[in-house]
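Trainee: Structure, please.
(4 chains)
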Number of protein chains: 4
Amino acid sequence: MSHSNTGRVLITCPDRPGVIATVSKYLYDHNANITKLDQYSTDPNQGTLFARFEFELEQLTERLPELQEGFQTTAQQFSMEWKMVSADRRQRLAIFVSKEDHCLQDLLIRWRTGELNADIAMVISNHPDMRPIAESFDIPYHHVPVSKDTRLEAEEKHLELMEGKVDTVVLARYMQIMPSRIIERYKNRMINIHHSFLPAFIGSKPYQQAFDRGVKLIGGTAHYVTEELDEGPIIEQDVYRVDHRFQVADLKRIGRDLERVVLARAIRWHLNDQIFLNGHKTVILS
Amino acid sequence: MSHSNTGRVLITCPDRPGVIATVSKYLYDHNANITKLDQYSTDPNQGTLFARFEFELEQLTERLPELQEGFQTTAQQFSMEWKMVSADRRQRLAIFVSKEDHCLQDLLIRWRTGELNADIAMVISNHPDMRPIAESFDIPYHHVPVSKDTRLEAEEKHLELMEGKVDTVVLARYMQIMPSRIIERYKNRMINIHHSFLPAFIGSKPYQQAFDRGVKLIGGTAHYVTEELDEGPIIEQDVYRVDHRFQVADLKRIGRDLERVVLARAIRWHLNDQIFLNGHKTVILS
Amino acid sequence: MSHSNTGRVLITCPDRPGVIATVSKYLYDHNANITKLDQYSTDPNQGTLFARFEFELEQLTERLPELQEGFQTTAQQFSMEWKMVSADRRQRLAIFVSKEDHCLQDLLIRWRTGELNADIAMVISNHPDMRPIAESFDIPYHHVPVSKDTRLEAEEKHLELMEGKVDTVVLARYMQIMPSRIIERYKNRMINIHHSFLPAFIGSKPYQQAFDRGVKLIGGTAHYVTEELDEGPIIEQDVYRVDHRFQVADLKRIGRDLERVVLARAIRWHLNDQIFLNGHKTVILS
Amino acid sequence: MSHSNTGRVLITCPDRPGVIATVSKYLYDHNANITKLDQYSTDPNQGTLFARFEFELEQLTERLPELQEGFQTTAQQFSMEWKMVSADRRQRLAIFVSKEDHCLQDLLIRWRTGELNADIAMVISNHPDMRPIAESFDIPYHHVPVSKDTRLEAEEKHLELMEGKVDTVVLARYMQIMPSRIIERYKNRMINIHHSFLPAFIGSKPYQQAFDRGVKLIGGTAHYVTEELDEGPIIEQDVYRVDHRFQVADLKRIGRDLERVVLARAIRWHLNDQIFLNGHKTVILS
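Mentor: Model (predicted):
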């Protein structure tokens, strides 16, 4: 399905009467047919409005710059943060991975079957192990070792590799802490996946802790990366039911299955411009 | 929470540019602040648009008639089916029940704790059994026996009991077929709950059939009642995981739990004016 | 369904060869027909074995004392903790409640419809509010106020009320901390229900915290009560999916629905002697 | 984890007192330590008993033939269908596929990461499309076209390719009807995956039908293949929640994700000897 004439307007602004009407009218006046509109307001009176418009417009590619240009007056009037994009632009992903390959493999397959509206620009790892997998999909693989002594060097290398080539970063079981500079550079464009449990277990060997505590649900959480480890805005979560018969190895296996689908959903929504940030939480519009 | 100044506009019309903009502007021009807007279009070009606006307006009760009156021009312009209502009006429910009490009890309790934005006008049953339950909640109970010979008489009685007193009918495990005349009278205002399975089992003793087939999921479905038995537009469904250890009695017990929550969700959405009909299917807007 | 000839043997012991065989043979030699057997071993060699036998035996009531007596040799041989009981004995419950009635009402209805194989001996509350509800089901209601000054007095009163009349205690949204003495007296016989989230939120207003963090799943956890607040062995958990459109009030409403079903399942398993304690975690046998 | 000393006894027989005791004693007498025992009886008195024992025995490989030999007396005494196997034997799979690759790819990856305790002996397809995928995993790929005229020829070819090389057949979105002869040859050893819905939709374009009907849950079902199309014993099912915003393409995408995990679970249980047939339904023991 080609989206070459499908555009999107993504808006975050103080909520007051007339925002939706004005944007709708702007698109209407430019012969764009709104095909999807989802919005959410945190509070009727003093809150924040999030809105996602999808529209059809003949010759969108040619007319987009002009449409963006003309929108600036409206945007200023309502103090909007906004983006107007073509739905068929392909974001370029960098996938970071360490030694666990389940998320990487899953993403590569989804990419090959056309499920991801993106290009995978590169795979970056602190280990050499995943090279054959990446290369069997003809994806460039960069092995950048990270140790105490080479941390800064690795950071430079990462930034250099991605400079101008990467729109969104996916941490697909990358077991190193991202330095602030990279987090800042890819703010709200870096997605991580990790396990999660009821209750949460801090520290090492979380599956062993979950096993010891006898949890009945295993979970996975995808979130944007912020400086607070694993505390960034939650994008998606899911769980699977377990019981006392599940050994630690079973819990890990189920965790892997959850991580695959939860991460894939989060990336999909991100690529479709469906995710908005409301302070520390996400608003997922359709 | 009082909703006395909260209004809703509910719209179904052919989708063409400007609908949302025009309605938004209408509300804006009348000093109504749109606090929620959800819409769905089946097709960009020739499809149907469904939209639900929630708005705040000072002295809504006094101003609603005028607001409705003024909206007619807009509605005609876009060939809308529409409703403009106050969110705090309380619909009056009739609950039909036979011998299984789990849904009735659940609804009565939700009503008593204020979860249902409705009044329960009456409970109607073809059996006398539930009278003490209804009356312990001070709800009028009407025992209307139904047999081959009294079918027509019962139909008359039902219509008479509900005339002018009931907005929405809930079939909370009512094991009689509703006659066409009542279905027609309460079209899209009569909600039924029934079991459902993967795969579906037609005929009698469905739980026994599900047990015999070894299904791994037990389900419940709430739907609007149409003349085709159990085939009306689906409002909500849910499932619960079972295994070979579950006996028929267990499946029934789980089925009851599912029916309770699925029916309660369906009624809640109906009372909140969230359900739109798109031919034979529902659109649930938030 | 009468269970008058159904018995159960519940065993916890060091796992070594022959335990199941010996117990099976014991029952077999006494003409008991094993109808269900579920077992779990934490470790083949040095672990703990948990086993639940259900059997049919003519005139069980009369023969149970003799069957128990005779089993002692076997039990000692394998260093068992064990119980041999009739499946149709009815445990007596005390339900503690504060101001939220959803769990109480749900349990009362399940009890009235025969879903709970138990008698509800009493409802105890630190508030007078639930009296009419309990009394509409003809259940004795004891209002025992708890304040800083009356804490010890209340404790005495609780113990006195339950002495000889209560087998299992259910905390159905009881918002007071149970004193050690009562916890000790009803060890592994006191079940609590509380909310739970991914991730967990410590402190007050957990639903507000969950809302602020934008969680995508709301959960409920039933557990045995220990001295560590909300940290006792988990019996059951469940979750429901939410999104940014859910307000704090919605999360609370969904939390109530979860608490109802999760608590009911936990109590059901407890009454059916299905729950075994493996250190700090539960083993649920069928 | 090596299972070289782990054995399994799998039993189906008429339920009468002493079965479990006798088998346990047999294993005990041969120094085998039972590490897992799960059993299920359809009926206390006249029913069928299913039991799965897992045990540890030094030098199992050498001693298994003797252990099997000696068990025959016990097996005859109780009219058992039975199997005694080593847990670390690797079954050989044939995967049939047509043009949809999601299940094939998923299985290949699970195989490569060691999640499947099996060898993939071959991929067979009525189309040439999947050859590169299979061969990138070094799996033999056989393209066997199937048309009206070549049906019998294809059948012969299939049987010939698998003869002596395949223990279990997986239909991973293979869109041809299996002939009776192959079904019979691989009875209870051939697993299929298909979509499933509440309610079920017969005929072509099921996702379109599900969309037209507005279902709120999309499902997948894995089952053993019998002559009745898609009606064989259900092994596993799962669902995912959808709403009116999901287009047919979305439903298909979600269906693919469900099919992957449901098929993988079914195969895993089959390879672990956890699935028993109770007439037309499965009993999954742990």
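Trainee: pLDDT on the helix or strand hosting A:Gly220, on average?
Mentor: Following DSSP states H and E, one finds A:Gly220 within strand A:217-224. Mean pLDDT, computed over strand A:217-224, is 93.
Trainee: quick check: domain ranges of chain A?
Mentor: Per automatic domain parsing, the structural domains of chain A span A:6-86, A:91-284.
Trainee: Would you format the ones you listed as CSV with distance to D:Asn5 and mean neighbour count included?
Mentor: Every residue, glycine included, has its C-beta placed from N, CA and C. Below are those laid out as CSV (distance: least, Cβ to Cβ, whole Å; neighbours: other Cβ atoms under 10 Å in any protein chain shown):
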stretch, distance to D:Asn5, mean neighbour count
domain A:6-86, 58, 18
domain A:91-284, 17, 19
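Trainee: Chain B contacts on chain A?
Mentor: A:16-18, A:20-21, A:24-25, A:27-28, A:31-39, A:41, A:44-45, A:56, A:241 (Cβ under 8 Å from any Cβ of the partner chain).
Trainee: Mind checking what secondary structure the closest residue in space to A:Glu115 that isn't next to it in sequence has?
Mentor: Of all residues not flanking A:Glu115 in the chain, D:Arg253 sits nearest, at 6.5 Å (Cβ to Cβ, 6 or more residues apart in numbering or on different chains). The three-state label given to D:Arg253 by DSSP: H, G, I helix; E, B strand; the rest coil is helix.
Trainee: mean confidence for the helix or strand harbouring A:Leu93?
Mentor: Assigned by DSSP H and E, A:Leu93 belongs to strand A:91-97. The predicted model assigns strand A:91-97 a mean pLDDT of 98.
Trainee: what does stretch A:33-49 give?
Mentor: The model assigns stretch A:33-49 a mean pLDDT of 81.
Trainee: what about it and chain D, any contact?
Mentor: No: Stretch A:33-49 stays clear of chain D (Cβ under 8 Å from any Cβ), getting no nearer than 8.5 Å.
Trainee: ok, now which ones touch A:Leu271?
Mentor: A:91, A:116-118, A:168 (Cβ atoms under 8 Å, 6 or more residues apart in numbering or on different chains).
Trainee: which residue packs closest to the closest residue to chain B within the stretch 151-286 of chain A, ignoring adjacent ones?
Mentor: Closest approach between the stretch 151-286 of chain A and chain B, counting by Cβ to the nearest Cβ: A:Arg241, at 6.7 Å. Spatial nearest neighbour of A:Arg241, excluding adjacent residues (Cβ to Cβ, 6+ apart): A:Leu217 at 6.0 Å.
Trainee: need the contact list for that neighbour.
Mentor: Contacts of A:Leu217 by Cβ under 8 Å, 6+ apart are A:197-198, A:239-242, C:219, C:237-239.
Trainee: Could you rerun that using 7 Å?
Mentor: For A:Leu217, the contacting residues are A:198, A:239, A:241-242, C:237, C:239, by Cβ atoms under 7 Å, 6 or more residues apart in numbering or on different chains.
Trainee: how close does it sit to C:Gln237?
Mentor: 5 Å (Cβ to Cβ, to the nearest Å).
Trainee: where do the contact lists of those two overlap?
Mentor: Here A:Leu217 and C:Gln237 have A:Leu198 as joint contacts, going by Cβ under 7 Å, 6+ apart.
Trainee: Switch the contacts of A:Leu217 over to TSV; also include secondary structure and pLDDT.
Mentor: Formatted as TSV, those follow (DSSP: H, G, I helix; E, B strand; the rest coil; pLDDT from 0 to 100):
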residue	secondary structure	pLDDT
A:Leu198	coil	71
A:Val239	strand	91
A:Arg241	strand	90
A:Val242	coil	91
C:Gln237	strand	93
C:Val239	strand	91
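Trainee: Output the residues you listed in JSON lines; the columns should cover distance to A:Glu62.
Mentor: Shown next, in JSON lines, are those (distance: Cβ to Cβ, whole Å):
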{"residue": "A:Leu198", "distance to A:Glu62": "52"}
{"residue": "A:Val239", "distance to A:Glu62": "47"}
{"residue": "A:Arg241", "distance to A:Glu62": "52"}
{"residue": "A:Val242", "distance to A:Glu62": "54"}
{"residue": "C:Gln237", "distance to A:Glu62": "55"}
{"residue": "C:Val239", "distance to A:Glu62": "48"}
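Trainee: where do the strands sit along the stretch 151-286 of chain A?
Mentor: A:168-171, A:190-197, A:217-224, A:234-241, A:275-278, A:281-284 (DSSP state E, counting those that start in this stretch).
Trainee: For the stretch 51-200 of chain A, what lies in contact range of chain D?
Mentor: A:101-102, A:105, A:109, A:113, A:115, A:136 (Cβ under 7 Å from any Cβ of the partner chain).
Trainee: And those residues, which is closest to chain C?
Mentor: For those, the nearest to chain C is A:His102 (20.2 Å; Cβ to the nearest Cβ).
Trainee: can you tell me how far the nearest residue to that closest one once chain neighbours are set aside sits from chain C?
Mentor: Spatial nearest neighbour of A:His102, excluding adjacent residues (Cβ to Cβ, 6+ apart): A:Arg256 at 4.5 Å. Between A:Arg256 and chain C the computed distance is 17 Å (Cβ to the nearest Cβ, to the nearest Å).
Trainee: With A:Thr221 instead?
Mentor: Taking Cβ to the nearest Cβ, one finds A:Thr221 at 6 Å from chain C.
Trainee: who touches that residue in this structure?
Mentor: A:194, A:196, A:234, A:237, A:262, C:198.
Trainee: A:Ser147 too?
Mentor: Per Cβ under 7 Å, 6+ apart, neighbours of A:Ser147: none.
Trainee: try 10 Å this time
Mentor: Contact analysis of A:Ser147 by Cβ atoms under 10 Å, 6 or more residues apart in numbering or on different chains lists A:126, A:153-154, A:176.
Trainee: now it: how far from A:His127?
Mentor: 12 Å.
Trainee: got it, and A:Tyr174?
Mentor: A:Tyr174 is 10 Å from A:His127, by Cβ to Cβ.
Trainee: where do the helices sit along the stretch 1-150 of chain A?
Mentor: Under the criterion DSSP state H, counting those that start in this stretch, helices of the stretch 1-150 of chain A are mapped to A:19-29, A:60-77, A:102-112, A:131-136.
Trainee: As JSON lines, these with mean pLDDT would be great.
Mentor: Listed next are the helices of the stretch 1-150 of chain A as JSON lines, based on pLDDT from 0 to 100:
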{"stretch": "helix A:19-29", "mean pLDDT": "88"}
{"stretch": "helix A:60-77", "mean pLDDT": "96"}
{"stretch": "helix A:102-112", "mean pLDDT": "93"}
{"stretch": "helix A:131-136", "mean pLDDT": "93"}
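Trainee: how about the ones you listed, which one is nearest B:Lys281?
Mentor: Nearest of those to B:Lys281, taken as Cβ to Cβ: helix A:19-29 at 26.1 Å.
Trainee: quick one: is that closest one near chain C?
Mentor: No: applying Cβ under 10 Å from any Cβ of the partner chain, one finds helix A:19-29 separated from chain C by no less than 16.3 Å.
Trainee: Mind giving me the packing neighbours of that helix?
Mentor: strand A:6-14, strand A:33-41, strand A:48-56, helix A:60-77, helix B:19-29, strand B:33-41 (3 or more Cβ pairs under 10 Å, 6 or more residues apart in numbering or on different chains; DSSP states H and E).
Trainee: how about these in CSV, adding distance to A:His280?
Mentor: Shown next, in CSV, are the helices and strands packed on helix A:19-29 (distance: least, Cβ to Cβ, whole Å):
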stretch, distance to A:His280
strand A:6-14, 14
strand A:33-41, 16
strand A:48-56, 13
helix A:60-77, 24
helix B:19-29, 30
strand B:33-41, 22
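Trainee: if I look at A:Pro140, how far off is A:Ile267?
Mentor: A:Pro140 is 19 Å from A:Ile267, by Cβ to Cβ.
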